[in-house]
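> kindly return the folded structure for what I paste below:
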Amino acid sequence: MGTSARPARDEWLLTTLESLVTPEQLGQLKALREDSIWEAATRRGFTSDDLILTALSSRFRMKIANVSVVSQQARELVPEQLVRKYRVLPLQISDSILDIATSDPHDLDCERTLAFALGRTVRMSLGSPTKIAERLDEVYRPENLFEKILENVAGNYDIESITDSVDEADLDLGAGRATERPVIQLVDRIVAEGIQSRASDIHLEPEEAGVAVRYRIDGVLRQVMILPKAAGIPLVSRVKIMAQLDIADRLRPQDGRARVAVSGNRIDLRISTLPASQGEKVVIRILDQRATVLSLDGLGLNPDELERIQQLLQSREGIILVTGPTGSGKTTTLYSMLRTIQARGVNIVTVEDPVEYRLQGIVQVQINEKAGLTFPSALRSILRQDPDVILVGEVRDKETAMIAVQASLTGHMVLTTLHTIDASSSVTRLMDIGVESYKIAASIKGVVAQRLLRRLCPHCRELVVGEVPERLRKWFPEGTTMYRPVGCGECSTTGYRGRLAITEVLISSPEVERRIAANESAERLADAAREAGMRGLWESGIQHVRAGVTSIDEVLRVLEIPGDAQRSSTNVRASTMTDAVTEEDGRHAPAAPRGSTAAPLPTEILTPAPRGYIPTLHATPSASFAGPSFQLVDEENVNANGQSKKVLLVEDEDSLRRVVKDLLEREGFTVFEAADGVKALDEIDRQAPDIVVLDLNLPRLDGYGVLSHLRARPATANLPVIVLTAKGDEDSEVRVFEYGASDYLTKPFRPRALSARLHSLLARPKP
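Modelled structure (predicted):
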């Protein structure tokens, strides 16, 4: 006697399917008696997952889950055995609530079991059984993780490792997959795409949500992908194998080198690892000599700056210093100088740590401290090799500085670098190291202080139309032509492509030598240098803006406006009207140190035409009366304790965040900032803001994840949240409110619209 077929586990779905399929199709589904009616209906093309989910959502008044978002904490805390048993996907977990995706809202046994096992209330949302099963395999059993990643990575690259061979079979890989072909392909593609994108560095950064892959292009980091957390260890192990590093040692920083061939072109890589709280961070420096300009003419210098540097290179002895922060292009400038000098037919020897580029016809010495080859010992040996020109990678200590100075005083030309903010500060830095001032005065021929600015993309730059901000009118009279970035396919929608150097060239003169020998201050040295024709970094950058090569925003990103650095903290936030009054009275602020960096953007942003992404801000009426010790505060923006109401601004774009912050502070709010979702949750716990302005597209944890966390916690369940989104369609609007937003605003937005929403939400009585 045969046994009857077991009914499908989701037979309850037949009622919902009556409105989605034909009676004949419904009869077939009833007769099939498969394990899942849902899967059978979609597999045969009778209906789709989306239609079933929409019908169920309407029937049961449940949300449709975003199965692509699974928090690391949920994956770690919810046992795999339970979620596979009940065919559910854990999404988010807090101290009191567990969010799961399920295809069976009737499964009360699942709800009770998970609630008991985890001590939390279980909150269900809807997901298709197929998608849930796929995500479970990715989250808990990522055997095919790398193959799936590679399916979504575009491009076909011919990349070959040409470092010394390593017997990978003898290495203990820990995760056991660093030598599998998919991992190798993934690393190859990350490196190859970085090279094709003109990246100078590739960052592999472990985070709570996964492994972030970022490219530094034109000096700015861009996040290109987030890999699952499980990819971290095998990915790092593969990079270590390329650089012949110890893959078993994850507790100490390591440095190594590798060489690869991409489509037949050899590229050198410098690899550095650093243990961090979430895992090892890896930075891969790409040394592509094809993309590096090794001539002074190709650095983008202003004509007068190029002429002054060439004047310095006419010297036959003495020291020429190139100074600036890390990543300011000092090494490229030094190599370009060597190429110019090499034409004389002289003996050139370099001592570097590390040797970044191989230069034909020049002897290059790599420092190896383990073998006893240090800067001082190498310099002593080089001086016995009959050199005419010596390049010292960096003056790091007194011994190296003394040998370099002695070499310059005995007829050698010495090129080297220091880390200082401007040209005149290099002299005081040498004094701090321990070099006598009279020796510095006799040996220094000149100092080149340098920064790098991004070039405007010539294909999409736009003419700026609008009034120049008050603080910039000194350098941009009315009618000055300026350009702004826009973004196109040629520049990856950034508006910039390539970089150029701005310089401050100090040439030693009798007066400069006298002041150095007399131990005078850096300011006094700079005054003498300016009298001899030196221009500052700010003037160099402004000249490029006037030429249409870069934008004023880019100059402000790198340099401070002269006069801003020494203003008091109260004056920093003074209004445009206050600045105007100060200038009318003739009481100008003292000059800022030359070359100071990282200034905040001015609150008066140039108004572009016709497209303006960042809104133009105007001083509010109260700002007209603002002064160093007096500021009008809107009574509506004061809480019960007499303090300004607190706003948390969550936005990953620095320029927009600064503008909005300035707007809110002018209206009397106290503003706190966060650039990603995880930092936003930390700031909410720390600062207890009265309202949150939240962008949706955030790194580490997006705006939807932040909203889910806030609404799941009793303390923040009623916290007002205004969401900023670039998507203005109906589905996005509905989804924003489903996640618990109080209000939303589409980008680009008007300042008055944001202000009105803030006041409206803060005026509502608290529940």
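
> excluding chain neighbours, give the residue nearest to Thr331 in space.
Leaving aside its sequence neighbours, Thr331 sits nearest to Glu356 (C-beta to C-beta, 6 or more residues apart in numbering; 5.8 Å). Yep, even glycine has a C-beta here, placed from its N, CA and C like the rest.

> identify the residues contacting the one you found.
Listed by C-beta atoms under 8 Å, 6 or more residues apart in numbering, the contact set of Glu356 reads 268, 270, 287, 331.

> now intersect those residues with the strands, please.
268, 270, 287 (DSSP state E).

> adding neighbour count, pLDDT and distance to Glu39, write the residues you listed out as JSON lines.
Listed next are those as JSON lines, based on neighbours: other C-beta atoms under 10 Å; pLDDT from 0 to 100; distance: C-beta to C-beta, whole Å:
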{"residue": "Asp268", "neighbour count": "18", "pLDDT": "85", "distance to Glu39": "52"}
{"residue": "Arg270", "neighbour count": "17", "pLDDT": "89", "distance to Glu39": "51"}
{"residue": "Leu287", "neighbour count": "18", "pLDDT": "84", "distance to Glu39": "52"}
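
> let's have the residues you listed in TSV, adding distance to Ser508.
As requested, these are exported to TSV (distance: C-beta to C-beta, whole Å):
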residue	distance to Ser508
Asp268	36
Arg270	34
Leu287	33
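
> just to revisit the earlier point, list just the nearest of the contacts of Glu356 to Leu26.
Arg270 (64.6 Å; C-beta to C-beta).

> how close does that closest one sit to Glu356?
From Arg270 across to Glu356, the span is 8 Å (C-beta to C-beta, to the nearest Å).

> between those two, what contacts are shared?
Leu287.

> can you show me the strands along the stretch 101-250 of the chain?
121-126, 159-161, 199-207, 210-217, 220-227 (DSSP state E, counting those that start in this stretch).

> quick check, distance from stretch 373-385 to the centre of its chain.
Distance, stretch centre to chain centre, for stretch 373-385: 39 Å (C-alpha atoms, centre = their mean, to the nearest Å).

> now the residue nearest to Thr331: which helix or strand?
Here Glu356 sits in a region with no helix or strand, counting by DSSP states H and E.

> quick one: Gly434 and Glu399 touch, right?
No. Proximity of Gly434 to Glu399 does not meet the contact threshold set by C-beta atoms under 8 Å, at 9.1 Å.

> who has more neighbours, these two?
Glu399 (17 against 11; other C-beta atoms under 10 Å).

> contacting residues around that one?
Neighbouring residues of Glu399 by C-beta under 8 Å, 6+ apart: 375-376.

> which helix of the chain spans the most residues?
helix 181-196 (DSSP state H).

> just checking, what packs against that helix?
helix 145-151, strand 159-161, strand 199-207, strand 210-217, helix 232-242, strand 254-262, strand 279-287 (3 or more C-beta pairs under 8 Å, 6 or more residues apart in numbering; DSSP states H and E).

> can you rerun that using 6 Å?
Where contact means 3 or more C-beta pairs under 6 Å, 6 or more residues apart in numbering; DSSP states H and E, helix 181-196 is packed against helix 145-151, helix 232-242.

> ranking these by mean pLDDT, which is last?
With a mean of 56, helix 145-151 has the lowest mean pLDDT of the helices and strands packed on helix 181-196.

> ok, for Val678, nearest residue in space, not its chain neighbours?
Per C-beta to C-beta, 6+ apart, closest to Val678 is Arg700, 4.6 Å.

> pretty sure the one you found contacts Val211?
No. Using C-beta atoms under 6 Å, Arg700 makes no contact with Val211, being 11.5 Å away.

> okay, and the common contacts of those two?
Residues touching both Arg700 and Val211 (C-beta atoms under 6 Å, 6 or more residues apart in numbering): there are none.

> quick check, central residue of this structure?
The structure's the chain has its C-alpha centroid closest to Leu221; by C-alpha atoms, centre = their mean the separation is 3.8 Å.

> show me the beta-bridge partners of that residue.
Arg216 (DSSP bridges).

> and it, how far is that from Arg764?
Plainly put, Leu221 is 40 Å away from Arg764 if you go by C-beta to C-beta.

> how about Asp386?
82 Å.

> mind listing the strands for the stretch 451-600 of the chain?
Using DSSP E, counting those that start in this stretch, the strands of the stretch 451-600 of the chain run over residues 462-463, 483-484, 496-507.

> what's the local residue count around Ala712?
Using other C-beta under 10 Å, Ala712 has 21 neighbouring residues.

> please apply the same query to the one 10 residues further on.
Ile722 is surrounded by 19 other residues when neighbours are defined as other C-beta under 10 Å.

> hmm, it is touching Ser755, no?
No. Proximity of Ile722 to Ser755 does not meet the contact threshold set by C-beta under 6 Å, at 10.8 Å.

> ok, back up a step: list the buried residues in the longest helix of the chain.
Of the residues in helix 181-196, 182-195 count as buried by neighbour count, 16 or more other C-beta atoms under 10 Å.

> from those, which is closest to Glu205?
Nearest member of those to Glu205, counting by C-beta to C-beta, is Ile190, at 12.6 Å.

> what stretches of this structure score poorly on pLDDT?
1-6, 141-181, 289-293, 466-467, 563-643, 766-767 (pLDDT under 70).

> isn't the residue nearest to the centre of the chain right next to Arg214, touching?
Yes. At 4.8 Å, Leu221 counts as touching Arg214 under the criterion of C-beta under 6 Å.

> one step back: got phi/psi on the residue nearest to Thr331?
Dihedral pair for Glu356: phi -80, psi -40, per degrees, to the nearest 10.

> and Arg473, how many neighbours does it have?
Close neighbours of Arg473, defined as other C-beta under 10 Å, add up to 13.

> tell me how far it lies from Leu463.
Arg473 is 18 Å from Leu463, by C-beta to C-beta.

> show me what Ala501 bridges to in the sheet.
For Ala501, the beta-bridge partners are Leu452 (DSSP bridges).

> okay, it and Leu296: tell me how far apart.
10 Å.

> who has more neighbours, those two?
Neighbours were counted for Ala501 and for Leu296 using other C-beta under 10 Å; Ala501 has more, 26 against 18.

> what about Asp743, neighbour count?
Neighbour count for Asp743, taken as other C-beta under 10 Å: 18.

> oh sorry, the question was meant for Gly487
Counted with other C-beta under 10 Å, Gly487 comes out at 16.

> assign Leu420 to helix, strand or coil.
Careful, residue 420 is Thr and not Leu. The local conformation at Thr420, judged by DSSP: H, G, I helix; E, B strand; the rest coil, is coil.

> what sits against it?
323, 426, 429.

> from those, pick the one nearest Leu696.
Closest to Leu696 out of these is Thr323 (42.5 Å), distances taken as C-beta to C-beta.
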